[in-house]
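Asks: Dropping the sequence and predicted coords here.
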Amino acid sequence: MIIDHRTYNMTHGKMEDYLRRYETIGLPLQKEHLGQLVGFFVSDIGPLNQVVHLWAYDSIADREIRRERMAADPRWQNFREGNRGMFASQEIKILKPASFSPLR
């Protein structure tokens, strides 16, 4: 298993709009294509205007196949188009669990 750890730094004033759009449009599409959402978080202390989401995959290959399929979906393309100007930056990490991690 791997975890796709995504941190999106939102443009000031865009958080509420993004969360509303994501919950109603983006999340259902991602659940359909990507599968296992581990968690979705909004920063409260520390750097603000951040959303973090974690997705579990069987492997890098599994992740690539699922993300390619989603990228080809016209509904996802429309959602992404609507996100223009919402992100100041994005950071993506791939995490592998340690041998003693409860998530394996």
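Replies: Ah, there it is. Residues are numbered from 1 along each chain as shown.
Asks: now the helices for the protein?
Replies: Ranges of helices within the chain are 15-21, 27-34, 60-72, 74-82, based on DSSP state H.
Asks: How about residue 53, nearest residue that isn't a chain neighbour?
Replies: Leaving aside its chain neighbours, residue 53 sits nearest to residue 40 (4.5 Å; criterion: C-beta to C-beta, 6 or more residues apart in numbering). All C-beta spots, glycine's among them, are computed from the backbone N, C-alpha and C.
Asks: That neighbour: neighbouring residues, count only.
Replies: Per other C-beta atoms under 10 Å, the neighbour tally for residue 40 reads 16.
Asks: Surely it touches residue 31?
Replies: No - assessed by C-beta atoms under 8 Å, residue 40 is found out of contact with residue 31, at 11.1 Å.
Asks: one step back: could you check how far the residue nearest to residue 53 is from residue 82?
Replies: Residue 40 is 18 Å from residue 82, where distance means C-beta to C-beta, to the nearest Å.
Asks: residues contacting residue 85?
Replies: 11, 14 (C-beta atoms under 8 Å, 6 or more residues apart in numbering).
Asks: nope, residue 43 is what I was after
Replies: Residue 43 neighbours (C-beta under 8 Å, 6+ apart): 49-52.
Asks: Give me the buried entries from these.
Replies: Neighbour-count burial (16 or more other C-beta atoms under 10 Å) applied to the contacts of residue 43 gives 49-51.
Asks: if you look at those, which of them are in strands?
Replies: Mapping the buried ones among the contacts of residue 43 onto strands (DSSP state E) picks out 50-51.
Asks: Run through the bridge partners of the residue lying closest to residue 95 once chain neighbours are set aside.
Replies: Sequence neighbours aside, residue 3 is the residue nearest to residue 95 in space, at 4.2 Å (criterion: C-beta to C-beta, 6+ apart). Counting by DSSP bridges, residue 3 is bridged to residue 56, residue 95.
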